[in-house]
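K.L.:
Need a 3D model of the sequence below.
(one chain, ligands or ions: 2)
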Amino acid sequence: MTQPRKPEGRGQTDDSGTRGAVATRAFVVSPVLAADRRAAESGTTPARSPEARSEEAVGLAEAIDLQVVSAEIIPVGTPRPATLIGTGKLDDLAARVAEAEIEVVIIDHPLTPVQQRNLEKALNAKVLDRTGLILEIFGRRARTKEGRLQVELAHLEYQRGRLVRSWTHLERQRGGGGFMGGPGETQIEADRRLLQDRIVRLKRELETVRRTRDLHRSKRRKVPFPIVAIVGYTNAGKSTLFNRLTGAAVMAEDMLFATLDPTLRRVQLPHGTTIILSDTVGFISDLPTHLVAAFRATLEEVIEADLVIHLRDISDPASSAQAADVEEILGDLGVDVADKKHVLEVWNKIDNLDAEKRRALLDGTRGAEAPLAVSAVTGEGIDALLAQVEARISGVVKAITISLTPAQMPLLDWVYRNGDVTERSDNDDGSVTMTVRATDAARREISERLGSRPAEEA
Ligand SMILES: Nc1nc2c(ncn2[C@@H]2O[C@H](COP(=O)(O)OP(=O)(O)OP(=O)(O)O)[C@@H](O)[C@H]2O)c(=O)[nH]1
Ligand SMILES: [Mg+2]
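P.N.:
Ligands and ions are numbered 1, 2, ... in the order given. All right, here's what the predicted structure looks like:
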């Protein structure tokens, strides 16, 4: 068995309980199944080491202010259906849980409801699996009404999935004389209906909130500025970069899922192009599917973005596994990650690398197609990033020259609001000729409204 490890870094919790209230003491247990290990070693996807996974689980636990007393990796040969972990290891764990006065045990592996219940009994502590933990974090972070509703919905869907599973399980057990003494079939049916009712009600409420937001969005969409969305694994430095580029003060913390609700800000690029920059929720491996689905609507900023910045923490040893996870989720959202014109990969935290690694990395990033390397903290590479973003966006924003006849003057105000007017001359015949910089969408609309195809400039 692996040595219990005292986690370092990140610690916003300590023994003295700096937050006044006494922190809840927790163990983080990462079961490593022999089958999972073999799959990882056969290497179809970039693998994370069990240590990296464990460290991430500690970060997740700390994100809900648990005081992680110990983190350990437990190899599991054959998973036990009742408890996942074998009896000997479980007894050993239970003794240490009691001794260290642990209230919560995080098991970084999916648990069936039965396993969760049995483990709670055996350990005499609350047990949360990875999905439960992530849902917990999201529940705490949600700020907007929509965010809260989305998390609640994901929670209910998660519960429903588990109810169904345990129900099937019990049905299989029927006649076998009561297995775990769980709720009876009718009770579960009733629970399920109750859940279903709440899900339906919640979805309706969410729909109302979304309609209002869509209204705001379509108003914003008329604004001629292209949207650039920063996405990436949780803790990659998205908010730090966002703050650096916008001068805003969005919460950037060494904490997983510091950002939940998307934040938008207007930014002016060096050559005058204005963009709307969006900071979004971080991604994580094994992100519960309910959660991805629930956040789909908020992630529409990403789906609709004119440019997606995929920010990676290149100093994290798990960086390539994280990038693979992010690309998978982006793909699920309908973003074509292979389209390098649309998705710009940026390597962050280069200040964290030692000189040798850094040189090796930067030598590899010289080519035109190579990712940009930056440090959101020191500001290194940021000018090059801005130039790159502007170059990409200039393909989206183009200048057009239009003329409004005196009869079309009522449209003048609209043009000003929907484009960036860079030149204007008022002609003797009462018409107005102007040069307008506008996005693809806005240009289309201008030509529709004017009933003519405006001349496009380079
Ligand atoms: N050394 C170094 N640290 C950085 C850099 N960029 C961000 N960080 C740190 O990384 C941690 C996470 O930064 P955030 O900006 O909150 O990351 P995020 O991607 O927004 O995270 P979530 O919102 O939780 O998904 C913070 O402690 C930052 O100070 C960088 O370029 N170099
Ligand atoms: Mg953030």
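
K.L.:
In contact with R25, which residues?
P.N.:
66-67, 69, 100-104 (CB atoms under 8 Å, 6 or more residues apart in numbering). The C-beta positions use only the backbone N, C-alpha and C, and glycine is treated the same way.

K.L.:
Inside strands: which ones of the residues you listed?
P.N.:
66-67, 69, 104 (DSSP state E).

K.L.:
Quick check: I137 vs R162, distance?
P.N.:
Separation of I137 from R162 (CB to CB, to the nearest Å): 19 Å.

K.L.:
I should have written L153 there, sorry.
P.N.:
Distance, L153 to R162, by CB to CB: 15 Å.

K.L.:
Looking at those two, which is more packed in?
P.N.:
L153 (20 against 17; other CB atoms under 10 Å).

K.L.:
for that one, helix, strand, or coil?
P.N.:
helix (DSSP: H, G, I helix; E, B strand; the rest coil).

K.L.:
So it is in contact with R198, correct?
P.N.:
No - counting by CB atoms under 8 Å, L153 stays clear of R198, with 9.1 Å between them.

K.L.:
can you pull out the strands in the stretch 251-400 of the chain?
P.N.:
Using DSSP state E, counting those that start in this stretch, the strands of the stretch 251-400 of the chain run over 263-268, 274-279, 307-313, 343-348, 372-373, 398-404.

K.L.:
With I329 as the reference, name the closest of those.
P.N.:
strand 307-313 (10.8 Å; CB to CB).

K.L.:
how about the strands of the stretch 1-150 of the chain, start to end?
P.N.:
Assignment of strands within the stretch 1-150 of the chain using DSSP E, counting those that start in this stretch yields the ranges 24-33, 66-76, 104-107, 126-129.

K.L.:
which one of those strands is the most hemmed in?
P.N.:
For those, the largest average neighbour count (mean count of other CB atoms under 10 Å) is found in strand 104-107, namely a mean of 24.

K.L.:
Would you list the strands that that strand pairs with, along with their directions?
P.N.:
As defined by DSSP bridges, the strand partners of strand 104-107 come to strand 24-33 (parallel), strand 126-129 (parallel).

K.L.:
Next, the contact list for the closest residue to P226 other than its chain neighbours, please.
P.N.:
Leaving aside its sequence neighbours, P226 sits nearest to D306 (CB to CB, 6 or more residues apart in numbering; 3.8 Å). Listed by CB under 8 Å, 6+ apart, the contact set of D306 reads 226-228, 393, 396, 439.

K.L.:
From the ones in strands among the contacts of R25, pick the one nearest Y416.
P.N.:
The closest of those, once distances to Y416 are taken by CB to CB, is L66, at 53.3 Å.

K.L.:
what pairs with that closest one across the strands?
P.N.:
Here L66 sits in beta bridges with T24, going by DSSP bridges.

K.L.:
so who does it touch?
P.N.:
Applying CB under 8 Å, 6+ apart to L66 gives the contacts 13, 23-26, 104, 106.

K.L.:
Lowest pLDDT pick from those?
P.N.:
Lowest pLDDT of these: T13, 40.

K.L.:
Quick one: low-confidence residue ranges for the stretch 51-200 of the chain.
P.N.:
Low-confidence segments of the stretch 51-200 of the chain, defined by pLDDT under 70: 163-188.

K.L.:
Nearest to ligand 2 within it, name that residue for me.
P.N.:
Closest to ligand 2 within the stretch 51-200 of the chain is R141: 9.9 Å, counting by CB to the ion.

K.L.:
what number of residues lie near that residue?
P.N.:
For R141, the neighbour count with other CB under 10 Å is 21.

K.L.:
again with L277
P.N.:
23.

K.L.:
Contact partners for the residue nearest to it when sequence neighbours are not counted?
P.N.:
Ranked by CB to CB, 6+ apart and with sequence neighbours excluded, the top spatial neighbour of L277 is V267, at 4.9 Å. With contact taken as CB under 8 Å, 6+ apart, V267 is in contact with 245-246, 274-277.

K.L.:
between the residues you listed, which has the most around it?
P.N.:
Tallying neighbours with other CB under 10 Å puts I275 at the head of the contacts of V267, with 25 neighbours.

K.L.:
if I pick the closest residue to that residue other than its chain neighbours, what's in contact with it?
P.N.:
Closest residue to I275 apart from its sequence neighbours, by CB to CB, 6+ apart: V228 at 5.0 Å. Residues in contact with V228, defined by CB under 8 Å, 6+ apart, are 275-278, 305-309, 389, 393.

K.L.:
try L60
P.N.:
106, 130, 133-134, 137, 256, 284.

K.L.:
Most proximal residue of the stretch 251-400 of the chain with respect to ligand 1?
P.N.:
G282 (2.3 Å; CB to the nearest ligand atom).

K.L.:
For P317, find the nearest of the strands paired with strand 104-107.
P.N.:
Across those, closest to P317 is strand 24-33 (CB to CB), at 15.9 Å.

K.L.:
Please compute how far that closest one lies from its chain's middle.
P.N.:
Relative to its parent chain, strand 24-33 has a centroid offset of 23 Å by CA atoms, centre = their mean, to the nearest Å.
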